[in-house]
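Student: sequence plus the predicted model coming up.
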Amino acid sequence: MRVMDRINGSEAPPQNLEAERAVLGCLLLEPTGLDLVANYLKPSDFHGVAHGVIFSTMLEMSRDGTPLDERTLTMELRRINRLESAGGIETVGHLTSVVPSSGNVEWYATQVVECSHLRTAREALKAAQKHLEESNDPAHERLERVEKIVFDGTQFEAAKNAPTMAEILGDVLNTFHACQGVGVPGITTGFPPIDRMSHGLRIGEITILAGRPGSGKSTLAVNIAKHAAQAGKHVAFISLEMPEAAVARNLICSMGRVDLADLQSGRLNAGEEQALIDWMGSVEALPFQIAAPSSLTIMGVRALARRWKAAKKLDLLVLDYLQLLEPTDGNHKKPRHEQVSEISRGLKALASELGIPILAMAQLNRQVEERQGNRPKLSDLRESGSLEQDAALVMLIHREEYYMTPEQAEAKGVKNKATVIVAKNRYGPTGDVDLYYDKTTAFFGLVV
């Protein structure tokens, strides 16, 4: 709760000491929270001097790779002679007792920053009033000076960092030059017909790949990620549906055309096993990392991505799949479309912040299976009106074979055929791309 009591007859500056202590307590409970708040929360934002000293020391410890917990923080404060200015051992020891968990660190940080902005604006208004009352300059000069004082005191980071038109046009020209002779301004999907329509997976944008369970969307995502990694891009694959080993198996089988069932059941002969080992070496050499947490929120995705980006190991983030993310506030009673909208906005902001494309899987609703021909469309995106709005590219995967017996698929000529429907394309045409799909080896390729 914000504090604006009167002290010695005057109003205290806007402050929220409870939120300040809560931020620091959250960071001691979960130090990775620094990745979430360090880009906008500064030591000077803390009204409590001791709190600013503690946060500054935490940032220095993170920069130097020093583990952060209550004991190491106390030791570091003592080593650099800041323990007294940080309020002593009692202040540090009390921080973790003021928060039940670390999950709301960004909310607390926002409260601290808002109070800081209000204090800055308050001081600007006081300086403007003082100049207005005490200056002997002509009225128009005093008013101009007052306007500048107020303006300078209320421009915060978002406005200060806004690019000029010259900078924006420079980016447009740089993108044009970068595309000359390349053809794909974004990251290649590995499928030229899709790249020609989409111009690749665009930096700073979300691409949605959606399908029904069993349609092959996760397998196609692995194949796209494989192609990006083979092109030298650092790929991070977050799977909420499969464990790390399952993603790795799909990757190996798709590269080496190894039968997935034979690999899982141990039916490979000696020659096939040696070939498998060789392919494992090829996979290991790829700039490809996999994370498969049991549960994750959009804040958790942001923390992982920021750490990978800081380590210069992130050019493409793949998320499988979007609707499995947990609500940030843990409130499962909130309408699901609101939860998905929050996730969608968070992914869009993350793609823009880190300057990377994000490829997110999504599940289509059952209406697909009730429709004649079972062809999916944008409205089938489950619980997700905002996905269509936030994504630059939406691809829907359709396999007629999925709804047929093997004999029917063979007779109709759709065996091993998958259609990628480019249903939305902010920067180009929409349409269909037919691909070859071999489910036994988790392989997608071009139709020959």
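Tutor: Looks like it arrived, so ask away. A quick note: this is a predicted structure, and the numbers were derived from the prediction, not measured.
Student: surely Leu34 and Leu27 touch.
Tutor: Yes. Using C-beta atoms under 8 Å, Leu34 is in contact with Leu27, at 6.0 Å. Using the backbone N, CA and C atoms, a C-beta is placed for each residue, glycine as well.
Student: which neighbours do the two have in common?
Tutor: Counting by C-beta atoms under 8 Å, 6 or more residues apart in numbering, the contacts common to Leu34 and Leu27 are Met58, Leu68.
Student: what's next to stretch 287-299, contact-wise?
Tutor: Identification of contacts with stretch 287-299 by C-beta under 8 Å, 6+ apart yields 36, 103, 106, 225-226, 229, 232-240, 242-244, 247-248, 251, 300, 304, 308, 313, 325-328, 342-343, 346-347, 350.
Student: buried subset of these?
Tutor: Among those, the ones that count as buried by 16 or more other C-beta atoms under 10 Å are 36, 103, 106, 225-226, 229, 233-240, 242, 247-248, 251, 300, 304, 308, 325-328, 342-343, 346-347, 350.
Student: next step: those restricted to strands.
Tutor: Val235, Ala236, Phe237, Ile238, Ser239 (DSSP state E).
Student: got a list of what the second one touches?
Tutor: Meaning Ala236. When contacts are counted by C-beta under 8 Å, 6+ apart, Ala236 touches Gln289, Ile290, Ala291, Leu304, Ala305, Trp308, Lys313, Leu314, Leu316, Leu317, Val318.
Student: from Leu173, how far off is it?
Tutor: To Leu173, Ala236 is 30 Å away according to C-beta to C-beta, to the nearest Å.
Student: swap in the third one?
Tutor: When distance is defined by C-beta to C-beta, Phe237 is 33 Å away from Leu173.
Student: now swap in the fourth one and tell me
Tutor: Taken as C-beta to C-beta, the spacing of Ile238 relative to Leu173 amounts to 34 Å.
Student: cool, the last one as well?
Tutor: When distance is defined by C-beta to C-beta, Ser239 is 38 Å away from Leu173.
Student: for Glu123, same thing?
Tutor: The value you get for Glu123 to Leu173, if C-beta to C-beta is used, is 41 Å.
Student: tell me which of these two has more neighbours.
Tutor: Between Glu123 and Leu173, Glu123 has the larger neighbour count (other C-beta atoms under 10 Å), namely 13 against 10.
Student: which helix or strand contains that one?
Tutor: Per DSSP states H and E: Glu123 is located in helix 105-134.
Student: that helix packs against which elements?
Tutor: helix 17-29, helix 34-37, helix 139-153 (3 or more C-beta pairs under 8 Å, 6 or more residues apart in numbering; DSSP states H and E).
Student: just those: most buried one?
Tutor: Highest mean neighbour count of the helices and strands packed on helix 105-134: helix 17-29, a mean of 24 (counted as mean count of other C-beta atoms under 10 Å).
Student: which other helices and strands contact that one?
Tutor: With contacts taken as 3+ C-beta pairs under 8 Å, 6+ apart, helix 17-29 sits against helix 34-37, helix 49-64, helix 105-134.
Student: show me how far it is from its chain's centre.
Tutor: Between the centre of helix 17-29 and the centre of its chain there are 24 Å (C-alpha atoms, centre = their mean, to the nearest Å).
Student: over to stretch 436-448?
Tutor: On the basis of C-alpha atoms, centre = their mean, stretch 436-448 sits 30 Å off its chain's mean C-alpha point.
Student: quick one: buried residues of that stretch?
Tutor: Tyr437, Asp438, Lys439, Thr441, Ala442, Phe443, Phe444.
Student: all helices for the stretch 251-400 of the chain, in order.
Tutor: For the stretch 251-400 of the chain, the helices defined by DSSP state H, counting those that start in this stretch cover 260-265, 270-284, 298-310, 336-354, 367-370, 385-390.
Student: and the residue nearest to Asp262 when sequence neighbours are not counted, its phi and psi?
Tutor: Spatial nearest neighbour of Asp262, excluding adjacent residues (C-beta to C-beta, 6 or more residues apart in numbering): Leu268 at 5.5 Å. Backbone geometry at Leu268, expressed as degrees, to the nearest 10, gives phi -80, psi 140.
Student: Ser215 too?
Tutor: phi -80, psi -10.
Student: how many other residues sit next to it?
Tutor: When neighbours are counted by other C-beta under 10 Å, Ser215 registers 21.
Student: do the same with Ser135
Tutor: Ser135 has 13 neighbours, counted by other C-beta under 10 Å.
Student: got the contact list for the closest residue to it other than its chain neighbours?
Tutor: Using C-beta to C-beta, 6+ apart and skipping residues adjacent in sequence, the residue nearest Ser135 is Arg142, 5.0 Å away. Shown in contact with Arg142 (C-beta under 8 Å, 6+ apart): His131, Leu132, Ser135.
Student: Leu393: neighbour count?
Tutor: For Leu393, using other C-beta under 10 Å, the count is 28.
Student: for the residue nearest to Leu59 when sequence neighbours are not counted, phi and psi?
Tutor: Spatial nearest neighbour of Leu59, chain neighbours left out: Ala38 (6.4 Å); criterion: C-beta to C-beta, 6+ apart. The phi/psi pair for Ala38 (degrees, to the nearest 10) reads phi -70, psi -20.
Student: quick one: Ala38 from Gly87, how far?
Tutor: With C-beta to C-beta as the criterion, Ala38 and Gly87 are 22 Å apart.
Student: and the helix or strand containing Asp434, what does it pack against?
Tutor: Using DSSP H and E, Asp434 maps to strand 431-438. Here strand 431-438 touches helix 192-198, helix 217-230, strand 417-425, strand 443-446, going by 3+ C-beta pairs under 8 Å, 6+ apart.
Student: just those: most buried one?
Tutor: Greatest burial across the helices and strands packed on strand 431-438, using mean count of other C-beta under 10 Å, falls to helix 217-230, with a mean of 24.
Student: which other helices and strands contact it?
Tutor: Contacting helix 217-230 under the criterion 3+ C-beta pairs under 8 Å, 6+ apart are the following elements: strand 206-211, strand 235-239, helix 244-256, strand 288-291, strand 316-320, strand 358-363, strand 431-438, strand 443-446.
Student: with adjacent residues omitted, what lies nearest to Gly346?
Tutor: Using C-beta to C-beta, 6+ apart, the closest residue to Gly346 is Ile298 (3.8 Å).
Student: again with Arg249
Tutor: Leu263 (6.2 Å).
Student: give the residue farthest from the middle of this protein.
Tutor: Checked against the mean C-alpha position of the chain, the extreme residue using C-alpha atoms, centre = their mean is Asn136, at a distance of 53.9 Å.
Student: list the contacts for Ser102?
Tutor: Cys26, Leu27, Leu29, Glu30, Gly33 are the contacts of Ser102 under C-beta under 8 Å, 6+ apart.
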